[in-house]
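# A predicted structure for the sequence below; I have some questions about it.
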Amino acid sequence: MSETPSSGEVNNATQNAGPTGTSATSSDEQLSSLQKQEESYVPSAEVKARAHVADFDALYEKSIADPQAFWAEQAQGLEWFSPWHEVMQWQAAPPQVKWFLNAQFNITVNALDRHVKHGRRNKVALLWVGEPGGGQDGATTAPERALTYGQLLRRVNQCANVLKGLGVQQGDRVTLYMGLTPELPIAMLACARIGAIHSVVYGGFSAPALRSRIEDSQSKVVICTDIGYRRGKRINLKGAVDEAVEGLESVEKVLVYRRDPATTLNSDLEIDFETALDAESAECEPARLDSETPLFFLYTSGTTGKPKGVVHVHGGYAVGTSYTHKICFDYHEDDIYWCTADPGWITGHSYVVYGPLINGATVLLAEGALDFPDAGRWWSVIEKYGVNIFYSTPTAIRALMRFGEEYPAKYDLSSLKVMGTVGEPINPEAWLWYHKNIGHEKTPIVDTWWQTETGQFMIATVPSYPTKPGSPGKPLPGIEADVADKEGHPVEPGKGGFLVIKKPWPAMMRTIYKDPERYEKYWNTIPGLYSAGDVATKDEEGYIRVMGRADDVMNVSGYRIGTAEVESALVSHAAVAEAAVIGKPDPVKGENIKAFVILRQGNEPSEQLMTSLKQQVREELGPIAIPGEIEFVGSLPKTRSGKIMRRVLKAKELGVEPGDISTLED
Ligand code: PRX
């Protein structure tokens, strides 16, 4: 198998055979998965020799002996207007944490000014590659742009001045609904520069989903792109914005970045982004902010139909993201770094924009789909730009795996030094394919476990440390995590339990916007511990394996989607009386959405109705939430108090035992 020394150590492997831990694979496949999981992959001497962290275990011990001293040491590498008086303050009830108290800080000084002042002014900060043909009629090559740190700072300042001119002040919210071009990081950083709070909404969300997020955050300004390109098609982003802001009182202006000069600005609300920025000064003093000043809201799915606005702040977030970006990817000065996530998700915030820019990296941004114009697109980008660090998702790897080994084989991928994965458990088959075909059995893989709420990597390995396929690894230095039972007691190795974090960390969310009770739930579900909502196991050596969510949240292609959100979109259709939704294991997406629907009287199941229900979900939430399967049923399993038992539906679907059904109504 592997040329790289692979010790084949045996650990206490779990039954996590598939992407979600519940895969319906044959017993032969399960057996081979288990064997693969038992192996440890040990990095080469070359990888160890260049590593920032040479002795992970020793660093961990040191960090846990005095976490505050450890995090203060990391924070010292950043630039602060004035120092903190206290590293961390934690109050258990109601839960409240503060890091780097009373310090004055601005994340953009660290992501921009510091580099411009200290030798990176002419280093490329953002290297953008558009979709092949995108934006140029008849063209087949991909458009490219490069912005140096000097240019990026000037553009961010101009954008910040535009926002100021529109009356945006510290604490005001600005919603961003943009495609993947450098203007998205520019707009994010411009908000941060003046202490305004950005709320990026992923371009794949529909107009009503965008509207509810603008409404919840009461944004004063919306910044959008007119169109994006995907698989040769134009995506009309501005159309969704026009619909979303209609009649919303809080929205005073919409800044439109026009990629197509023919796009018309059709209301008094709208301003052309480029013209407005060009007219402004390229100087803008960064706001001197308390380190606990909110930096952004990011809406994510939970167990209710209403997405929650997770709040992150300047100081601790900067420390947590930059530190983990450096150690987990073993980032070095001249590395070309590419994370395939869209900045609309937390991965894009922490590991496309803030973490890498604070470290002064050259960040590659590539627009478009992974298989357009063909399934070699990503590998061609790695070859063309000499990408050194590549960070993607299990779903993407599984999708690319299906196209065959011949695509990566066509390209020179020897520039790769570290490869990452995130968002869902990676099944050993996909891990091994990635290891063999992309990493050529020598590039270390880091599997990073974290969440929108955690802001930064929590459980992972560093490239110099042995990895086990399918396990993100161990708690990182500075992080105390475990697998515990309902009372918070650690479970024995190999036994399932809840993934918990025991102590605060710098990049953790500070609250849920306008919903402190929802924030408290993270800390009081298992008293005194942060409950991540995931089920996991830990082996004898301390490697954690995540099996999936413990709650009613699905993980479709690494995207978090609440069952309640999809159900409420379905019942808003005139023909639907009731709906229940489950995540069903899927070989590529991890989970696929299956909906069970009871129709209102007078409606009959039909193909046409099924299409219309899918369309309803597309309109309400966006294409990522469309159920792959819909089944019309006469009844749904419920508790006596009327709650739908999705667990029972799921067990039936998978042909397994449903567990405790004593509360099921007769
Ligand atoms: O269930 C875990 C899964 O994704 C959830 C967090 O989703 P979100 O907030 O959207 O953030 C995704 C990107 C950080 C977690 O509760 N998850 C994330 N990373 C992994 C993972 N599951 C297994 N392995 C991972 N590496």
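Perfect, thanks for sending it. Owing to the predicted nature of the structure, the values given are computational and were not obtained by experimental measurement.
# verify the contact between S322 and I358 for me.
Yes - assessed by CB atoms under 8 Å, S322 is found in contact with I358 at 3.9 Å. Any C-beta I mention is one placed from the backbone N, CA and C, and that applies to glycine too.
# mind listing the shared neighbours of those two?
L78, N110 (CB atoms under 8 Å, 6 or more residues apart in numbering).
# what does the stretch 101-250 of the chain put close to the ligand?
For the stretch 101-250 of the chain, the contact set with the ligand under CB under 6 Å from any ligand atom is empty.
# where are the low-confidence patches of the stretch 101-250 of the chain?
By pLDDT under 70, the weakly predicted segments of the stretch 101-250 of the chain are 135-139.
# which residue does it bring closest to the ligand?
The nearest approach of the stretch 101-250 of the chain to the ligand comes at Y202, 10.6 Å away (CB to the nearest ligand atom).
# with adjacent residues omitted, what lies nearest to that residue?
Leaving aside its sequence neighbours, Y202 sits nearest to G344 (CB to CB, 6 or more residues apart in numbering; 3.1 Å).
# any idea of the pLDDT on the one you found?
On pLDDT, G344 comes in at 90.
# touching, it and V200? I think so.
Yes - under the criterion of CB under 8 Å, G344 makes contact with V200 at 5.3 Å.
# quick one: which of these two has more around it?
Each of G344 and V200 has its neighbours counted (other CB atoms under 10 Å); V200 has more, 28 against 21.
# correct me if wrong: that one contacts G179.
No - in this structure, V200 is not within contact of G179 by CB under 8 Å, at 11.7 Å.
# rewinding a little: ok, the residue nearest to Y202 to F296 distance?
Distance, G344 to F296, using CB to CB, to the nearest Å: 12 Å.
# common neighbours of these two, please.
V200.
# ok, E607 to S572 distance?
On the measure of CB to CB, E607 and S572 end up 21 Å apart.
# neighbour-wise, which of these two wins?
Legend: neighbour count by other CB under 10 Å for E607 and S572, higher for S572 (14 against 7).
# what pLDDT does the model give the more buried one?
For S572, the predicted pLDDT is 90.
# now E39
80.
# same question, S32
Confidence at S32, expressed as pLDDT, is 54.
# could you point out the longest helix in this protein?
helix 149-165 (DSSP state H).
# check which residues of that helix are buried.
149-164 (16 or more other CB atoms under 10 Å).
# for the helix or strand just after it, packing partners?
Downstream of helix 149-165, the first helix or strand assigned by DSSP states H and E is strand 173-177. In terms of contacts (3 or more CB pairs under 8 Å, 6 or more residues apart in numbering; DSSP states H and E), strand 173-177 is packed against helix 183-193, strand 197-200, helix 207-217, strand 221-225, helix 237-245.
# sheet partners, orientation included, of strand 173-177?
Paired neighbours of strand 173-177 in the sheet (DSSP bridges): strand 197-200 (parallel), strand 221-225 (parallel).
# can I get the shortest one in CSV, CA atoms only?
What follows is strand 197-200, C-alpha atoms only, in CSV (Å, rounded to 0.1, in the frame of the first residue of the first chain):
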residue,chain,number,x,y,z
ILE,A,197,-20.7,43.9,11.4
HIS,A,198,-20.9,41.9,8.2
SER,A,199,-23.4,39.1,7.6
VAL,A,200,-22.5,37.1,4.6
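# going forward, the N-terminal residue is numbered 887.
New numbering, starting at 887: the last item is strand 1083-1086.
# just to revisit the earlier point, how about the residue of the stretch 987-1136 of the chain closest to the ligand, what does it touch?
D1228, G1230, W1231, G1508.
# please list only the buried members of the residues you listed.
D1228, G1230, W1231, G1508.
# so which of the residues you listed also contact the ligand?
Among the buried ones among the contacts of Y1088, no residue sits close to the ligand (CB under 6 Å from any ligand atom).
# ok, those vs the ligand, which is closest?
W1231 (6.4 Å).
# quick check: pLDDT value at the residue nearest to V1452 when sequence neighbours are not counted.
Spatial nearest neighbour of V1452, chain neighbours left out: V1467 (4.6 Å); criterion: CB to CB, 6+ apart. pLDDT for V1467: 94.
# and the gap between V1534 and L1243?
On the measure of CB to CB, V1534 and L1243 end up 47 Å apart.
# hmm, I typed the wrong one, I wanted G1202.
Applying CB to CB to G1202 and L1243 gives a distance of 17 Å.
# stretch 1187-1204 near the ligand at all?
No - contact between stretch 1187-1204 and the ligand is absent, the nearest approach being 7.8 Å (criterion: CB under 6 Å from any ligand atom).
# so H1235 touches V1196, yeah?
No - H1235 sits out of contact with V1196 when judged by CB under 8 Å, with a separation of 10.2 Å.
# overlap in contacts, the two.
L1184.
# where does the stretch 1037-1186 of the chain get nearest to the ligand, residue-wise?
Counting by CB to the nearest ligand atom, the stretch 1037-1186 of the chain gets nearest the ligand through T1186, at 5.3 Å.
# what about that residue, neighbour count?
21.
# check which helix or strand covers the closest residue to the ligand within the stretch 1437-1552 of the chain.
The ligand sits closest to R1446 of the stretch 1437-1552 of the chain, with a gap of 3.8 Å, by CB to the nearest ligand atom. For R1446, the host element (DSSP H and E) is strand 1445-1448.
# how about the contacts made by K1192?
Applying CB under 8 Å, 6+ apart, the residues near K1192 are S1098.
# do the same with the one 10 residues further on
Shown in contact with G1202 (CB under 8 Å, 6+ apart): W985, F986, S1177, E1178, W1391, P1392, A1393, M1394.
# now the strands for the stretch 1237-1386 of the chain?
Assigned by DSSP state E, counting those that start in this stretch, the stretch 1237-1386 of the chain shows strands spanning 1248-1252, 1275-1278, 1304-1308, 1331-1334, 1345-1346, 1360-1361, 1367-1370, 1383-1387.
# okay if I get those strands as JSON lines plus mean neighbour count?
Output for the strands of the stretch 1237-1386 of the chain, formatted as JSON lines (neighbours: other CB atoms under 10 Å):
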{"stretch": "strand 1248-1252", "mean neighbour count": "23"}
{"stretch": "strand 1275-1278", "mean neighbour count": "26"}
{"stretch": "strand 1304-1308", "mean neighbour count": "24"}
{"stretch": "strand 1331-1334", "mean neighbour count": "23"}
{"stretch": "strand 1345-1346", "mean neighbour count": "26"}
{"stretch": "strand 1360-1361", "mean neighbour count": "22"}
{"stretch": "strand 1367-1370", "mean neighbour count": "22"}
{"stretch": "strand 1383-1387", "mean neighbour count": "22"}
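# and of those strands, who's closest to K1354?
strand 1331-1334 (9.1 Å; CB to CB).
# returning to what we had before: for the residue of the stretch 1037-1186 of the chain closest to the ligand, which non-adjacent residue is spatially closest?
T1186 sits nearest to T1338 (CB to CB, 6+ apart), 4.2 Å away.
# next, count neighbours for that neighbour.
19.
# what residues are up against it?
Counting by CB under 8 Å, 6+ apart, T1338 has contacts L1184, T1186, V1196, W1231, I1232, M1395, R1446.
# what's the following helix or strand after the helix or strand of the chain with the lowest mean pLDDT?
None of the helices or strands of the chain scores lower by mean pLDDT, DSSP states H and E than helix 913-924, at a mean of 53. Downstream of helix 913-924, the next assigned helix or strand under DSSP H and E is helix 931-936.
# could you list the buried residues of whichever helix or strand comes after that following helix?
Downstream of helix 931-936, the first helix or strand assigned by DSSP H and E is helix 942-951. For helix 942-951, a neighbour-count test (16+ other CB under 10 Å) marks F942, L945, Y946, K948, S949, I950 as buried.
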